[in-house]
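[1] Take this sequence and fold it.
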Amino acid sequence: MKDLPAEERPREKMLERGPEGLSNGELLAILLRTGARGETALEQGRRLLAAAGGTLGGLFSLSGRGVSAFKGIGPYKAASVMAALELGRRFLAEKPALQRTPLSCGRAVAEYMLPRLKGLDHEELWMIYLNVGNIPIDCQKMTSGGWASTSLDVKQIARAALERGASSLILVHNHPSGDPNPSRADINGTNSLRRALSAFTLQLLDHVVISDGSFYSFEEGVAREL
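    Coordinates of the predicted model:
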């Protein structure tokens, strides 16, 4: 890296221009710190990014184990990269006090939850608790690893809704495949959950399925691009 002109060294370039002046490959080089035999950290960062399809979403989906498998990277460098990506995800998901505007349509729900679900390589189910104005009070991850309606404890959900003062709920989950259209399990599970919640006088307003670039709203009955 020292053999590069000063203006091409990522650390020096960032100090001079700020992080927004660097490419994704250059930012990765700073996280990797050092290269390997015959390869600078900058070349290593660019190679890693190219292997992930040129996107940070692709890099995140590799997981720490996938990143560490690259020649010259290993577990410690991989941990730095994955920590940075996770901090970015948490920053996007962090809200000063949950959103104070109503979730009035499938698109609003998808945009609200996308920072939590974008780039995941496994399915997660989340429940959003809403007040009478359809403003979110809280959201909670219910399951991780796939849809299974039997794993949703309706009594626990009802208790959580009561504790939060919620009057309705929205179920959200992701499809890592990129196709947001619901499966038969999604449809059956949604119908079962809606019936079960009605016994507690709780309304399931919608079930929104999210992929990285599109979403499906059960209430609207159609898939749309984000």
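[2] going forward, measure contacts between C-alpha atoms and count neighbours the same way
    Will do.
[3] Next, the contact list for the residue most central in space within the chain, please.
    Per C-alpha atoms, centre = their mean, the C-alpha nearest to the average position across the chain is that of L117, at 2.6 Å. Taking C-alpha atoms under 8 Å, 6 or more residues apart in numbering, we find L117 in contact with E124, H173, N174, I210.
[4] what's the third one sitting at in phi/psi?
    As for N174, its main-chain torsions (degrees, to the nearest 10) stand at phi -110, psi 160.
[5] Restrict stretch 50-67 to CA atoms and write it as CSV.
    The C-alpha coordinates for stretch 50-67 follow below in CSV (Å, rounded to 0.1, in the frame of the first residue of the first chain):
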residue,chain,number,x,y,z
ALA,A,50,-16.4,-8.1,-7.0
ALA,A,51,-17.0,-11.6,-5.6
ALA,A,52,-20.1,-10.2,-3.8
GLY,A,53,-21.5,-9.0,-7.1
GLY,A,54,-20.2,-5.4,-6.6
THR,A,55,-22.8,-4.6,-3.9
LEU,A,56,-22.7,-4.2,-0.1
GLY,A,57,-25.9,-6.3,0.0
GLY,A,58,-24.2,-9.1,-1.7
LEU,A,59,-21.3,-8.8,0.7
PHE,A,60,-23.6,-8.9,3.7
SER,A,61,-25.2,-12.1,2.4
LEU,A,62,-21.8,-13.8,2.3
SER,A,63,-21.8,-13.9,6.1
GLY,A,64,-18.6,-13.8,8.3
ARG,A,65,-17.7,-17.4,7.4
GLY,A,66,-18.0,-16.7,3.7
VAL,A,67,-15.9,-13.6,3.9
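[6] Stretch 107-122: how far from the chain's middle?
    Put simply, stretch 107-122 sits 5 Å off its chain's centre (C-alpha atoms, centre = their mean, to the nearest Å).
[7] What of stretch 64-84?
    Taking C-alpha atoms, centre = their mean, the mean C-alpha location of stretch 64-84 is offset from the chain mean by 19 Å.
[8] in a strand, that's where I137 is, yeah?
    Yes - with the criterion set as DSSP: H, G, I helix; E, B strand; the rest coil, the secondary structure at I137 is a strand.
[9] ok, it - how many residues close by?
    18 (other C-alpha atoms under 10 Å).
[10] Could you pull out the buried residues of the longest helix seen in the chain?
    What stands out as the longest helix in the chain, according to DSSP state H, is helix 74-93. Residues P75, K77, A78, A79, S80, V81, M82, L85, R89 are the ones in helix 74-93 that count as buried (16 or more other C-alpha atoms under 10 Å).
[11] then that helix to CSV, C-alphas only?
    C-alpha atoms of helix 74-93 as CSV (Å, rounded to 0.1, in the frame of the first residue of the first chain):
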residue,chain,number,x,y,z
GLY,A,74,-9.3,-15.0,7.6
PRO,A,75,-11.7,-14.6,10.6
TYR,A,76,-10.3,-11.4,12.1
LYS,A,77,-10.5,-9.3,9.0
ALA,A,78,-13.9,-10.9,8.2
ALA,A,79,-15.1,-9.9,11.7
SER,A,80,-14.1,-6.2,11.1
VAL,A,81,-16.0,-6.2,7.8
MET,A,82,-19.1,-7.8,9.2
ALA,A,83,-19.1,-5.6,12.3
ALA,A,84,-19.0,-2.5,10.0
LEU,A,85,-21.9,-3.8,7.9
GLU,A,86,-24.0,-4.6,11.0
LEU,A,87,-23.4,-1.1,12.4
GLY,A,88,-24.6,0.3,9.1
ARG,A,89,-27.8,-1.9,9.3
ARG,A,90,-28.4,-0.8,12.9
PHE,A,91,-28.0,2.8,12.0
LEU,A,92,-30.6,2.5,9.3
ALA,A,93,-33.0,0.7,11.7
